[in-house]
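>>> just the structure for this:
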Amino acid sequence: MSVEKSMPVLIVDDYKTMLRIIRNLLKQLGFENVEEATDGSAALRKMRERGFGLVISDWNMEPMTGLQLLREVRADGQLRDTPFIMITAESKKENVVAAKEAGVSNYIVKPFNAATLKTKLEAVLGAF
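Model (predicted):
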């Protein structure tokens, strides 16, 4: 089964530069249908308005963190099955454990490149 690269992807980060970097990496991998949100609550609103095939979210955001967003998504019957990749600058074991317990699909530690993103996407979505 190959991944449908036209599926909508939501990237969530409070830094515009990170949004641009992730968007460019996704574009390199063939994903064109990318939307952005600058915090967890905006992301949740967008997710409730339309379905996304994947969410890639930063961990450290205000006022709603990526972990809080993940918990909200997993608690919502309409959204709970959405693949969710968390990005963080910290590789603390307790963070990884907390994200896994909350139902994260995969985890990326910054800095990362297109090859790392592709590996994580394939682990979550399947080969493409």
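>>> can you show me the helices along the protein?
16-28, 40-49, 66-75, 93-102, 114-125 (DSSP state H).
>>> rebuild the ones you listed as a markdown table, extending it with distance to I56.
Where you see a C-beta, it was placed from the backbone N, CA and C, and this is true even at glycine. Output for the helices of the chain, formatted as a markdown table (distance: least, CB to CB, whole Å):
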| stretch | distance to I56 |
| --- | --- |
| helix 16-28 | 6 |
| helix 40-49 | 10 |
| helix 66-75 | 10 |
| helix 93-102 | 13 |
| helix 114-125 | 8 |
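>>> give me every residue that touches the residue nearest to Q78 when sequence neighbours are not counted.
Distance criterion CB to CB, 6 or more residues apart in numbering; nearest residue to Q78, sequence neighbours excluded, is R48 at 7.3 Å. Going by CB atoms under 8 Å, 6 or more residues apart in numbering, R48 touches 76, 78-79.
>>> before we move on, what about N60?
N60 neighbours (CB under 8 Å, 6+ apart): 14, 66, 88-89.
>>> name the member of the residues you listed with the most neighbours.
G66 (28 neighbours; other CB atoms under 10 Å).
>>> give me the most central residue, the protein.
The chain has I56 as the residue nearest its centroid, 1.2 Å off, counting by CA atoms, centre = their mean.
>>> my guess is it meets I11, correct?
Yes: counting by CB atoms under 8 Å, I11 is a contact partner of I56 at 4.9 Å.
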